[in-house]
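**Student:** got a sequence here, can you model it:
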Amino acid sequence: MKRQNRNCIINGKEFYYTESVKEQASVRKSFNELADKTFGLSFENWYRLGYWRDAYIPHVLLDHDIVAANISVNVIDSIFENRQKRYIQIGTVMTDERYRHQGLSRFLMETVLQEWIPKCDGIYLYANDGVVDFYPRFHFRKAGEYQYSLPISGGTATAGKLNMEKGEDVALLLKRYQRGNPFSRLPMLHSEGLLMFYCAQFMKDSIYDCQDLGAIVIADFEGETMTCYDIFGGNEADMLPILHQMAGSRTKKVVFGFTPKETDGMQSSLRQENDTTLFWYSSKECIFNGNRLMFPILSHA
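**Tutor:** As a prediction, this is how the structure comes out:
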């Protein structure tokens, strides 16, 4: 994927625009410093582990060697209603406080949209409450996501936990990921890098192997609730045996981090997440209109 680089003048000041961030150590360092100040995040460990792939593309404006502002593009491939789709998720929108109110974010957003509108089936982003008035200026509109849950009982808790410090366990996870989530109405494809952003870091203690069912499950437990973020592999005909191997004797409800294909016996509710609003680019067909869907939680970037 060819990267763009050029000088540009914004509001009377010269900046250097580049999409080559991970390849340049000094730029990557400044990018991580700004991400840490803005979100409390660093992408360096993800990079060093080899999981920062070409599907995550920062678009930055540099003032010499300082990243003044960034908007990242995440290329998300999926299948919806038996048709392959390519979606663009915009994320890591940030401007150094020294460069705010100078039009940098506008320049980057217009640049990203101009480049990617012809190349995708949809563009979306998750905005925090402080910037919900910014994105409608670029023809983004709010959309609602629906999350499903299922009562459950009789769990056996027989699934084994994987160790992300072991190469063979990582290899097994990636092998099962290649088979996809056969139970998802909107599965993510070819997103190993984004998967490992979670599984090699924040969720490395939440990965389970239902060995005899050929499935790996990413899940968390709180009280009587299991949150099933994703399932990779397994038999497409029936998800319940997998859920029963995961659930413990105290588990009474499963909340899904993806939209199940089969929703008989399930409840759905409008997803409410603190300080987060989904926006969809209005010139593209919005799959959420008339569909009770959500993007998988592990596809958020």
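**Student:** isn't residue 21 right up against residue 30?
**Tutor:** No. Counting by C-beta atoms under 8 Å, residue 21 sits too far from residue 30 to count as a contact (9.1 Å). Where you see a C-beta, it was placed from the backbone N, CA and C, and this is true even at glycine.
**Student:** give me the common contacts of these two.
**Tutor:** Residues touching both residue 21 and residue 30 (C-beta atoms under 8 Å, 6 or more residues apart in numbering) are residue 67.
**Student:** note down every partner strand of the helix or strand in which residue 149 is found and its orientation.
**Tutor:** Following DSSP states H and E, one finds residue 149 within strand 146-151. If you go by DSSP bridges, strand 146-151 pairs up with strand 253-256 (antiparallel), strand 267-270 (antiparallel).
**Student:** pick the most deeply packed of those strands.
**Tutor:** Most buried of the strands paired with strand 146-151 by mean neighbour count (mean count of other C-beta atoms under 10 Å) is strand 253-256; its value is a mean of 21.
**Student:** what's next to that one, contact-wise?
**Tutor:** Applying C-beta under 8 Å, 6+ apart, the external contacts of strand 253-256 come out as 147-152, 224-228, 243, 247.
**Student:** mark which of those residues are buried, thanks.
**Tutor:** Buried by 16 or more other C-beta atoms under 10 Å: 147, 148, 149, 150, 152, 226, 227, 228, 243, 247, out of the contacts of strand 253-256.
**Student:** starting at the chain centroid, how far to the single longest helix found in the chain?
**Tutor:** The single longest helix within the chain, with elements called by DSSP state H, is helix 25-39. Distance of helix 25-39 from the chain centroid (C-alpha atoms, centre = their mean, to the nearest Å) equals 19 Å.
**Student:** next helix or strand past it?
**Tutor:** Next helix or strand after helix 25-39 toward the C-terminus (DSSP H and E): helix 44-48.
**Student:** pLDDT of that following helix, averaged?
**Tutor:** For helix 44-48, mean pLDDT is 95.
**Student:** could I get the buried residue list for that helix?
**Tutor:** In helix 44-48, counting by 16+ other C-beta under 10 Å, buried: 44, 46, 47.
**Student:** which segments of this protein make up each domain?
**Tutor:** 5-145+272-299, 147-270 (automatic domain parsing).
**Student:** can you map out the helices along the stretch 101-250 of the chain?
**Tutor:** For the stretch 101-250 of the chain, the helices defined by DSSP state H, counting those that start in this stretch cover 104-116, 167-178, 192-197, 240-246.
**Student:** next, count neighbours for residue 9.
**Tutor:** By the criterion of other C-beta atoms under 10 Å, residue 9 has 9 neighbours.
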